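Chemist: I would like the atomic coordinates for the input below:
(one chain, ligands or ions: 2)
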Amino acid sequence: MASSIIKDAKVLMVGAGGIGCELLKTLALSGFSEIHIIDMDTIEVSNLNRQFLFRQSHVGQSKAKVARDAVLKFRPKINITSYHANVKDPDFNVDFFKQFNVVLNGLDNLDARRHVNRLCLAADVPLVESGTTGFLGQVTVHVKGRTECYECQPKPAPKTYPVCTITSTPSKFVHCIVWAKELLFSKLFGDKNQDNDLNVRSSDAASSSKNIEDIFEHSKDEDIGQYGKKIFDHVFGYNIELALSNEETWKNRNRPKPIYSKDVLSDELDKQNGDLDNDNACGDGFSVSAMSSLGMKNPQDIWSLKENSRVFLEALRLFFTKREKDIGNLSFDKDDQLAVEFVTAAANIRAASFGIPLHSLFEAKGIAGNIVHAVATTNAVIAGLIVIEAIKVLKNDIKSYRMTYCLEHPARNTLLMPVEPFEPNKSCYVCSESPVLLEINTNRSKLKDVVEKIIKAKLGMSLPLVMNASNLLYEAGDIEDDMVAIYNANLEKVLAELPSPVTGGTMLTVEDFQQELKCNINIKHREEFDEEKEPDGMVLSGWTQPVAAAENEDKSVSNGANTSDAPITEVEKSENDDDVGIISPVKKRKLPDDSDKSNTADDERHHKKLQVIDDEDDLVMLDGNLDGFKKRRVS
Ligand SMILES: Nc1ncnc2c1ncn2[C@@H]1O[C@H](COP(=O)(O)OP(=O)(O)OP(=O)(O)O)[C@@H](O)[C@H]1O
Ligand SMILES: [Zn+2]
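Modeler: Ligands and ions are numbered 1, 2, ... in the order given. The predicted structure follows:
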């Protein structure tokens, strides 16, 4: 029988996807009887394999509503209110949040998570946050003033690669994918005005950039088969030869092998690549497919170099014959079959050239689309943990709160790793009152840089307003010229008044129109910056910088990485050989050492050897030889 704490609780769930479906079911079966659920999406066929409250007949309908109806069928007496809406809608404001005892997130992106975190802080409602990526998952508890908020630890930027690794010295398949998707694909089918580093290395040789442009340009009367081979030979043959001519580069590396179309496709040089007579069979729009036109069926097959070359040329031909109107506007989309085929083939040919193992279309698509396939069981485990933490929160049982990590490679039979939550980060720009400190050379830096680099990129404020006392210094959006002039004059005045060198400082207040967030930035003037360490000529502190281990954390926190614009070389966690199951929480959120004898009786209980405890306080205990930890845990 459910206790009254559970029965009387009013709960808000955000997200009715993979985690959300499991969570709604578990809440209902655990005795919760007042549940509100927000989800902005409609049901897609691809959701049905794991979002078990949905059926084929529901495709196209609101997730929140269908989830509600499905659960009411087996728990007809409880109240479930569904909202088919974005949680960022202004209707869901601080007052809306205040009516709930706890908020439970089952989201898939950083942006919405941050938004809910900030609203929970503003409304002073506890948040149980969650995420899964394949076999990995975690549940964390965030209670204002007691534990870290969701943003106390900065989320690391997506992994990026140096441009030269991508353009000249790939060593992993993922580098070839980035090259194929961000450089070659964009060059051929994307916006011609965009900068593109495709020829970065070859352009320092004799060839002028004019010539290079000409090569990629397709003139109307040029035979498309010939054009395809010309591109092929240029990027896989000529460019590689050019790169090889720089001996320095290859001193400690394996030399790549140039590949020309005539070598790979010698026996069919004059044969038409695809089956032209059968053109109608390969569809229109997103359904156009080089694989089907070439009679290739299994996306899990690893194609030979020859097959990749045929797919490359056929996909290119199909783009120019069937998708002509898209050319110039395309950016890579993992749901665009022809784009995935082209990128797979191009990445594989490049991989062959550099002696890197080839991959199937299925694998390449996962890497290119940063997809980690969802695992229904992980979602179910995580949903169960969310409910356990929610109950502790409702009981105000602070000592028992746990952040729990679901591991991919359980060590010593430990699938779940509970960790005590940490205290709020005193210099968190979201939940703490203390201002962020920004040091810049105020004679050189423009407010625009500050807004772009710090406020947008680091603080994640998208439509900011920057004030100095009551003077408006910056406002995002379309602003009249005379207003801009006034802002600039205000800014100059502020900067001119700044003491130099660093003393005092000036407080700017930043507000975000969209997210109910305000942040104070204390600006101080500084003359010199270390160009290597501080290339932006500005330093933001009073806010914990990402730590080395954060890279791994990204893997566990994900379930939808940052939705913000990614840099060109962005690549994320889907690459297999990086996914070796090292879970950062072990590194970052260190568990208490066995020798940490300052334990209370309660702590002692948590240091026992591995065992499963069937009371609701904890699931699995760890023994561990883990170093001491710096941050203080909530006690
Ligand atoms: N800002 C938002 N407001 C409301 N709901 C959101 C918001 N952002 C994400 N969601 C919802 O969170 C859910 C996340 O679920 P999940 O991670 O299973 O993703 P999915 O879109 O269902 O599946 P997949 O991305 O794997 O195809 C989705 O149903 C999505 O609509
Ligand atoms: Zn915080």
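
Chemist: tell me the pLDDT at T140?
Modeler: For T140, the pLDDT comes out at 98.

Chemist: What strands line up against the helix or strand it falls within, and which way round?
Modeler: Using DSSP states H and E, the element containing T140 is strand 136-142. Next to strand 136-142 in the sheet, as set by DSSP bridges, lie strand 127-133 (antiparallel), strand 403-411 (antiparallel).

Chemist: Now mean neighbour count too, for the ones you listed, in TSV please.
Modeler: From N, CA and C alone the C-beta is placed, and that goes for glycine too. Converted to TSV, the strands paired with strand 136-142 look like this (neighbours: other C-beta atoms under 10 Å):
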stretch	mean neighbour count
strand 127-133	27
strand 403-411	19
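
Chemist: which one of those has the lowest average pLDDT?
Modeler: Among those, strand 403-411 scores lowest, at a mean of 91.

Chemist: Skip ahead from that one and say which helix or strand is next.
Modeler: Past strand 403-411, the next helix or strand by DSSP H and E is strand 414-419.

Chemist: What residues are bridge-paired with S541?
Modeler: L437.

Chemist: Touching, it and V436? I think so.
Modeler: Yes. At 7.4 Å, S541 counts as touching V436 under the criterion of C-beta atoms under 8 Å.

Chemist: what's the distance between the nearest residue to S130 once chain neighbours are set aside and ligand 1?
Modeler: Excluding the flanking residues, the one nearest S130 by C-beta to C-beta, 6 or more residues apart in numbering is V139, at 4.8 Å. Taking C-beta to the nearest ligand atom, to the nearest Å as the measure, V139 falls 14 Å from ligand 1.

Chemist: Repeat that for F135.
Modeler: 15 Å.

Chemist: which residues touch that residue?
Modeler: F135 is in contact with V375, T378, C406, L407, E408, counting by C-beta atoms under 8 Å, 6 or more residues apart in numbering.

Chemist: same deal with I5?
Modeler: I391, L394, K395.

Chemist: Please report how far the second one lies from L24.
Modeler: If you measure L394 against L24 using C-beta to C-beta, to the nearest Å, the figure is 17 Å.

Chemist: Who has more neighbours out of these two?
Modeler: L24 (29 against 18; other C-beta atoms under 10 Å).

Chemist: Helix or strand for the more buried one, just tell me which one.
Modeler: Judged by DSSP H and E, L24 forms part of helix 18-29.

Chemist: again with V116
Modeler: helix 110-123.

Chemist: Establish whether that helix and ligand 1 are in contact.
Modeler: Yes. Judged by C-beta under 6 Å from any ligand atom, helix 110-123 comes into contact with ligand 1 through A112.

Chemist: can you give me the mean pLDDT across that helix?
Modeler: Averaging pLDDT along helix 110-123 gives 92.

Chemist: tell me the angle of it relative to strand 136-142?
Modeler: 20 degrees (axes from the mean of the first three to the mean of the last three C-alpha atoms, to 10 degrees).

Chemist: what about helix 110-123 and ligand 2, any contact?
Modeler: No. Judged by C-beta under 5 Å from the ion, helix 110-123 stays clear of ligand 2, getting no closer than 7.7 Å.

Chemist: Could you give me the buried positions within that helix?
Modeler: For helix 110-123, a neighbour-count test (16 or more other C-beta atoms under 10 Å) marks 110-123 as buried.

Chemist: neighbours of whichever residue of the chain sits closest to ligand 1, just the number please.
Modeler: Closest contact between the chain and ligand 1, by C-beta to the nearest ligand atom, is at G17 (1.9 Å). By other C-beta under 10 Å, 24 other residues sit near G17.

Chemist: per-residue confidence at it?
Modeler: G17 is given a pLDDT of 97.

Chemist: thinking it is in contact with D41, fair?
Modeler: Yes. If you go by C-beta under 8 Å, G17 and D41 touch, sitting 7.2 Å apart.

Chemist: now for the helix or strand where N308 lies, which elements pack on it?
Modeler: N308 belongs to helix 305-322 when assigned by DSSP H and E. Under the contact criterion of 3 or more C-beta pairs under 8 Å, 6 or more residues apart in numbering; DSSP states H and E, helix 305-322 touches helix 185-189, helix 224-232, helix 261-264, helix 290-293, helix 337-353.

Chemist: Name the residues of that helix that are buried.
Modeler: Buried-residue list, helix 305-322, by 16+ other C-beta under 10 Å: 305, 307-320, 322.

Chemist: what's the angle from it to helix 224-232?
Modeler: Using the same axes, to 10 degrees: helix 305-322 against helix 224-232 is 120 degrees.

Chemist: could you dump helix 305-322 to CSV, C-alpha only?
Modeler: The C-alpha trace of helix 305-322 is given here as CSV (Å, rounded to 0.1, in the frame of the first residue of the first chain):
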residue,chain,number,x,y,z
LEU,A,305,36.9,-0.7,-51.7
LYS,A,306,35.4,-1.4,-55.1
GLU,A,307,31.8,-1.4,-53.8
ASN,A,308,32.4,1.8,-51.9
SER,A,309,33.7,3.4,-55.0
ARG,A,310,30.6,2.3,-56.9
VAL,A,311,28.3,3.6,-54.2
PHE,A,312,30.3,6.9,-54.1
LEU,A,313,29.9,7.5,-57.8
GLU,A,314,26.3,6.3,-57.9
ALA,A,315,25.3,8.5,-54.9
LEU,A,316,26.9,11.5,-56.5
ARG,A,317,25.1,10.8,-59.8
LEU,A,318,21.8,10.4,-58.0
PHE,A,319,22.3,13.7,-56.2
PHE,A,320,22.9,15.5,-59.4
THR,A,321,20.1,13.8,-61.3
LYS,A,322,17.4,13.2,-58.7
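
Chemist: So which residues make contact with it?
Modeler: Against helix 305-322 from outside (C-beta under 8 Å, 6+ apart): 188-189, 218, 224-225, 227-229, 231-232, 259, 261, 264-265, 273-274, 279, 282, 284, 288-291, 293-294, 296, 303, 326-327, 338, 341-342, 344-346, 348-349, 352, 358.

Chemist: cool, stretch 424-437 as well?
Modeler: Contacting residues not belonging to stretch 424-437 are listed as 114, 117-118, 121, 144-153, 459, 505, 507, 517, 519-522, 524, 540-544 [C-beta under 8 Å, 6+ apart].

Chemist: Compute the first-to-last residue distance for that stretch.
Modeler: End-to-end distance of stretch 424-437 (C-alpha to C-alpha, to the nearest Å): 18 Å.

Chemist: Does ligand 2 have contacts with it?
Modeler: Yes. Applying C-beta under 5 Å from the ion, one finds stretch 424-437 touching ligand 2 at C428, V430, C431.

Chemist: quick one: buried residues of that stretch?
Modeler: P424, N425, C428, Y429, V430, C431, S432, P435, V436, L437.

Chemist: And stretch 318-337, by the same measure?
Modeler: For stretch 318-337, by 16+ other C-beta under 10 Å, it's L318, F319, F320, K322, R323, L330, F332, K334, D336, Q337.

Chemist: which residue ranges form the strands in the chain?
Modeler: 11-14, 34-39, 79-84, 102-105, 127-133, 136-142, 403-411, 414-419, 436-440, 464-468, 471-475, 506-512, 517-525, 538-541 (DSSP state E).

Chemist: and L447, which of these is closest to it?
Modeler: strand 471-475 (5.5 Å; C-beta to C-beta).

Chemist: now that closest one, how far from the centre of its chain.
Modeler: 31 Å (C-alpha atoms, centre = their mean, to the nearest Å).

Chemist: same for it, what does it pack against?
Modeler: helix 447-449, strand 464-468, helix 481-496.

Chemist: Only the C-alpha atoms, please, for it, written as PDB.
Modeler: Provided in PDB are the C-alpha atoms of strand 471-475 (Å, rounded to 0.1, in the frame of the first residue of the first chain):
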ATOM      1  CA  ASN A 471      22.300  51.100 -18.600                       C
ATOM      2  CA  LEU A 472      21.500  48.600 -21.300                       C
ATOM      3  CA  LEU A 473      24.700  47.600 -23.000                       C
ATOM      4  CA  TYR A 474      23.600  44.800 -25.300                       C
ATOM      5  CA  GLU A 475      20.500  43.200 -26.500                       C
END
